[in-house]
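Trainee: Based on what follows, work out the 3D shape:
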Amino acid sequence: MASMLEFRTPGFNPYAVKYSPYYDSRIAVASAANYGIVGNGRLFCLGLGPQGIQTARYRRNTANLAFEASTPTMPSMTLAWSEINENQLLAACGDGSVKLYDVNVNEFPVMNFHEHKREAYSVAWSPVTKDTFASSSWDGTIKILIQAASKWSPTRTESIRTLPVGNCTYSTSYCPSNPNIISAVSTDSHLRIFDLRTPVNAQYHLTAKIPVHQPPSVPMPPGVSPPFMPAEILTHDWNKYRDTVIATGGVDRVIRTFDIRNPNSGPASIMMGHDYAVRRLAWSPHAADILLSASYDMTVRLWTDGSTMAADESSSPVKPGLQLGIMNRHTEFVTGVDWCLFGTGSWVATVGWDERVLLWDANTMLQGRS
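Mentor: Have a look, this model is predicted:
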């Protein structure tokens, strides 16, 4: 594939990558030694310049970023850039903590939030209010925390709310247009939607519980036959242009989209092609129908969910998504993918357990070069 830049992380296996929402030349990577089984973690802040990708900041002695050897399944680590401070980012850690880092402060971390009882698995910053963030954990809860809009110091380290999921919660995220709506996916094969404006009752703001594996109530498109057995859902992402649409992916290798306005109608589209579990999803911030997926099959795939394509001759309202291209330069599990918010709208970053960070132009997929 042409137009590819590479950075190596010797001795550390990347788990997640995020472009800065402020600069097109800044990228953060979370990694762990020994595949996260034992040892230290390292958080990289990378800069993109005339000489390619270079290390801007990193810390070696962050032992809690690594996962404990006793974890029963393959763990992960995620990170999120602050929405109110261009130099700060959060990392979910193996001891159940969420740590706030500042690339300009020598003492790391600058804050430590520690309420989860097991591994913290994901973090997400509210893109609307910008002063709150959420974390999810193997302990089956989502914690919501608030940060003051000061230069860099939050005012409290205790959560303002806890949302019980009851199962290992791999991913949580905010609706891109409504700070009161939070989503989560978990081991029980469900996508949950919480609305913080609802009364606190026995459901703890739960407004929808969508069984991802459930077959739709309408006929499937010809040639599309995904498995309908429950499977762990590892990742999900909100569409940036259609703020009621969410994509999910997990162990059954299938990518599905759902419209939360019709939680009982089943998937709106189905995309199949990965050989192993889908580890990470990312909708394009530049096109309403385009998304990327990263998988344990060592590939990254570009898709359209079919929403902008002409209707086919079948009577099924379920759209058969289309794979537009595949990137297979990684030689181990691909664990992270993210889009650059700036520029031509096609640059992405991917990371994998092969100790590599790759930056490349997704448009090359559309041109048949992979």
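
Trainee: So, low pLDDT: which residues of this protein?
Mentor: Scanning the chain for pLDDT under 70 picks out the ranges 1-2, 56-76, 106-107, 147-157, 310-315, 367-370.

Trainee: now do 80
Mentor: Applying pLDDT under 80 to the chain picks out residues 1-3, 36-41, 55-77, 105-108, 146-158, 202, 216-224, 309-316, 366-370.

Trainee: Which residue ranges of it form helices?
Mentor: Ranges of helices within the chain are 363-366, based on DSSP state H.

Trainee: tell me the contacts of residue 267?
Mentor: Residue 267 is in contact with 212, 216, 256, 257, 258, 318, counting by Cβ atoms under 8 Å, 6 or more residues apart in numbering. From N, CA and C alone the C-beta is placed, and that goes for glycine too.

Trainee: List just the nearest of those to residue 268.
Mentor: residue 257 (4.8 Å; Cβ to Cβ).

Trainee: which residues touch that closest one?
Mentor: 239, 245, 246, 247, 248, 267, 268, 269, 305, 321.

Trainee: Which of the residues you listed sits closest to residue 46?
Mentor: residue 247 (26.6 Å).

Trainee: distance of residue 268 from residue 241?
Mentor: As for residue 268, its distance to residue 241 is 14 Å (criterion: Cβ to Cβ, to the nearest Å).

Trainee: Which one's more surrounded, the two?
Mentor: Using other Cβ atoms under 10 Å as the criterion, residue 268 and residue 241 rank with residue 268 on top: 23 against 15.

Trainee: Can you report how many residues lie near residue 363?
Mentor: Using other Cβ under 10 Å, residue 363 has 16 other residues around it.

Trainee: Wait, it touches residue 348, no?
Mentor: No. With contacts counted by Cβ atoms under 8 Å, residue 363 stays clear of residue 348, the gap being 10.1 Å.

Trainee: Next one: residue 309 relative to residue 319, how far apart?
Mentor: Counting by Cβ to Cβ, the gap from residue 309 to residue 319 is 7 Å.

Trainee: Name the residue in those two with the higher neighbour count.
Mentor: Per other Cβ under 10 Å, whichever of residue 309 and residue 319 has more neighbours is residue 319, with 23 against 13.

Trainee: Now do the contacts for the more buried one.
Mentor: Going by Cβ under 8 Å, 6+ apart, residue 319 touches 221, 268, 269, 270, 305, 306, 307, 309.

Trainee: measure residue 110 to residue 200 for me?
Mentor: Distance from residue 110 to residue 200, by Cβ to Cβ: 32 Å.
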